[in-house]
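Student: take a look and give me a structure for this.
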Amino acid sequence: MSLDYMISITMPMLEGAKMTILLFFIAIIASIPLGFLLTLLAKSRFKLIARLTQGYIYVMRGTPLLLQLLLIAFGLPMLPVVGEYLVLDRFVAACLGFILNYAAYFAEIFRGGLLAIDKGQYEAAQVLGLNKWQTTTRIILPQMFRIALPAVANESVTLVKDTALLYAVAVPELLHFAQTAVNRDFTIVPFFLAGVIYLLMTMVLTVFFKWLEQRLKFE
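Tutor: Below is the predicted model:
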């Protein structure tokens, strides 16, 4: 394979990687706070709200992300009466699907983080005279985040790889351009290049989270 050929197939894939990275940042920025909100709602004193939230988390975690993307992108517009108002841009539909799905996973991660905190922490906060807000923001949340960080890091790496599902809803991302090159040139080299690009993205993410874990250990 000539260098010119390698460059000619790599450049479109890098353009597709921009879409992959954009989806990742949109999904991670929106799904983490939404996931924490779901954690709080699932622990609500109002049983109806708690049950509905728990049901949502169960459904989103128990069904394939691909199915959810197809439903949002192609299924919602087919609904009677309201379908015409639910036609979304494919990328917007994909972002919505990823956010709703990953928020459910992050909700479970944060729930596990909260359960891991010793109840004595709450009692100690009361002894110190801290109110509920101060206890939550100064003691509980920082500990919960430290506990949940490894799982959040793992889920974030999975999110990078799951962005390949954009291909299924006709959004041109990294894998789309790799598949196009394979079909056109009858070679599997583009697949290897795509794999390298995915590995580089996940490596950067892994290094970032390891750095963050080290920083939090000394705070």
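Student: so which residues of this structure form helices?
Tutor: Assigned by DSSP state H, the chain shows helices spanning 3-42, 47-62, 65-70, 90-115, 119-127, 132-134, 141-162, 174-185, 189-217.
Student: what is the mean pLDDT for the fourth one?
Tutor: Here the mean pLDDT over helix 90-115 is 94, rounded to a whole number.
Student: just checking, what packs against that helix?
Tutor: Judged by 3 or more CB pairs under 8 Å, 6 or more residues apart in numbering; DSSP states H and E, the packing partners of helix 90-115 are helix 3-42, helix 47-62, helix 65-70, helix 141-162. Using the backbone N, CA and C atoms, a C-beta is placed for each residue, glycine as well.
Student: so which of these gets nearest Leu114?
Tutor: The minimum distance between Leu114 and the helices and strands packed on helix 90-115 falls on helix 141-162, with 5.4 Å, by CB to CB.
Student: pLDDT below threshold where in the chain?
Tutor: 1, 218-219 (pLDDT under 70).
Student: redo that, cut-off 80
Tutor: 1-3, 118-138, 216-219 (pLDDT under 80).
Student: I'd like the distance between the residue of it positioned farthest from its centre and Ala116.
Tutor: Here the centre of the chain is the reference, and by CA atoms, centre = their mean the most remote residue is Val127, at 38.3 Å. Distance from Val127 to Ala116, counting by CB to CB, to the nearest Å: 21 Å.
Student: same thing with Phe24?
Tutor: Distance from Phe24 to Ala116, counting by CB to CB: 27 Å.
Student: so which of those two has more stuff around it?
Tutor: Of the pair Phe24 and Ala116, Phe24 is the one with more neighbours under other CB atoms under 10 Å, namely 18 against 12.
Student: what's near enough to touch the residue lying closest to Glu213 once chain neighbours are set aside?
Tutor: Of all residues not flanking Glu213 in the chain, Leu149 sits nearest, at 5.8 Å (CB to CB, 6 or more residues apart in numbering). Counting by CB atoms under 8 Å, 6 or more residues apart in numbering, Leu149 touches Phe209, Leu212, Glu213, Leu216.
Student: list only buried entries from these.
Tutor: With neighbours counted by 16 or more other CB atoms under 10 Å, the contacts of Leu149 contain buried members at Phe209.
Student: what's the closest of the contacts of Leu149 to Leu199?
Tutor: Phe209 (15.7 Å).
Student: that closest one touches Glu155, doesn't it?
Tutor: No. In this structure, Phe209 is not within contact of Glu155 by CB atoms under 8 Å, at 10.5 Å.
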